[in-house]
Every structure is written in structure tokens, then in C-alpha cells.
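1. Build me a model from this:
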Amino acid sequence: MSTINKSLFTVALNLLLIAWGGAYSTSISALPITWTLHDVTFSDGGTASGEFTINQSGFLSGSSITTTAVGSFTAESYIYPGNSINPNFDYPSPNTFQITFQIDYTHALSLDFLYTVDLSNPQINPLNLISSFECEGSYSCYTGNAANIIASGGIIRSVTSGEAMTPEPTALSLLVIGVAGAGAFVRMRPKKQWIN
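-> Residues are numbered from 1 along each chain as shown. You can find the predicted model right below:
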């Protein structure tokens, strides 16, 4: 094996190992992380899509989430900073957190997430949605109390499925480069000559 081939192989192997370790890193230094909503569906068939970012301190630093119109519900975009009034970010119980967005106190989206290991480890720990809902048409909407919302003339729909997840673009790109480098090394090796 020539010196150049050995060097190429070493570089490719190192990139592969770095990527493998990065994809499963659990260090808090991975924050801030942007999470993307995946397969979020409401009880009436509506959907929610978009993303939100958790900063280094573990709190919301930005969001852009859109819900679809179905029946009485209009399509809404919950943007922070933007049209959302003081988004509430809370850890109501261990391994859960809640983000509540409000628009003019008559439209709100409440997303409750369950996580099992570490918020800074998105590759192997997606956030599962629990007890989440969207409501509109009532001044009580922003309180998050379903009974008050309906009693005050509002409407509510609950989330039936969905999670938040995020790729590790740096780790994935290193993994691709490492595999490509290893492949290039294999192709560049001189073929053995057989003598009859």
C-alpha cells in the first residue's frame, strides 16, 4: 500500500469514527438544537408542521409552526419572535416540557413533549407529543383549560399523533464523507497481477 493510499485510508477512517461518535453524542454542548415536527395530526384530521429551537439554557429561542384549516379551524402560523404573544415554555413534570403559543388571546397552540434521556441527544431521543391541543374563538383559549374554552364559545382539537425530531447534519455529512473516502481508497488500490 503506498504512502498516499495509507494517508487517504487513515483520513477516511478518522472521519468515519468522528461521525459515528457525533451521531450518538449526549453532551449538553450540542444545544442549541432546532427540532422539526413530524407527523403531527389533530383529532379532526388537521396537521401541524414547522420547527422550534431550544437554546443553550434549555429554553425556547425561536419557532415557526403552522397548522392547517379543517372545519371551523382556520390555518394559523405561530411564529416567535413574531405574532405569538409571550410564548410560555415550562417543565411541568420530570422528562416533559410544554410550549404554549397565543395569538391575540383567542387562538392558541399547546405542545407537550415527553423525552426519556437527554434533550441534547436528538438522534436517538425524539420528543413524543402528549396532551397537546389547538384552540380558537374564545378569550379563555389561552388558559389551556378545555372546559373553560368550550364553555366560553371556543373550539378545541387535540393532537392524536406526532413527535419532534432533528437530524445531526454535521455528523451525517462526516459519515457520508468517511464512507466516500473509504470507497475511494478501495477503488484506488492497485489490482493484483496474476502470472500464468
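2. Would you mind giving the domain segments of the protein?
-> 1-30+168-196, 35-165 (automatic domain parsing).
3. all strands for this structure, in order.
-> With DSSP state E as the criterion, the chain has strands at 33-42, 47-54, 60-67, 76-80, 88-90, 96-103, 107-114, 127-136, 155-165.
4. Give me the angle between the second one and strand 76-80.
-> Using axes from the mean of the first three to the mean of the last three C-alpha atoms, to 10 degrees, one finds that strand 47-54 and strand 76-80 are set 0 degrees apart in direction.
5. for this structure, which spans come out with low pLDDT?
-> 1-30, 120-124, 144, 167-196 (pLDDT under 70).
6. Give me the residues contacting stretch 129-137.
-> Residues from elsewhere that reach stretch 129-137 (C-beta atoms under 8 Å, 6 or more residues apart in numbering): 40, 42, 46, 48, 67, 72-74, 76, 96, 106-114, 141, 144, 146, 149, 153-159, 161-164. All C-beta spots, glycine's among them, are computed from the backbone N, C-alpha and C.
7. circling back: tabulate the strands of the chain in JSON lines, adding columns for mean neighbour count.
-> Below are those laid out as JSON lines (neighbours: other C-beta atoms under 10 Å):
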{"stretch": "strand 33-42", "mean neighbour count": "17"}
{"stretch": "strand 47-54", "mean neighbour count": "19"}
{"stretch": "strand 60-67", "mean neighbour count": "18"}
{"stretch": "strand 76-80", "mean neighbour count": "20"}
{"stretch": "strand 88-90", "mean neighbour count": "15"}
{"stretch": "strand 96-103", "mean neighbour count": "21"}
{"stretch": "strand 107-114", "mean neighbour count": "23"}
{"stretch": "strand 127-136", "mean neighbour count": "20"}
{"stretch": "strand 155-165", "mean neighbour count": "18"}
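8. residue contacts, residue 102?
-> 84, 85, 86, 87, 108, 141, 142.
9. What distance do you get for the fourth one to residue 74?
-> From residue 87 across to residue 74, the span is 20 Å (C-beta to C-beta, to the nearest Å).
10. Pick out whichever of those two has more residues nearby.
-> residue 87 (20 against 12; other C-beta atoms under 10 Å).
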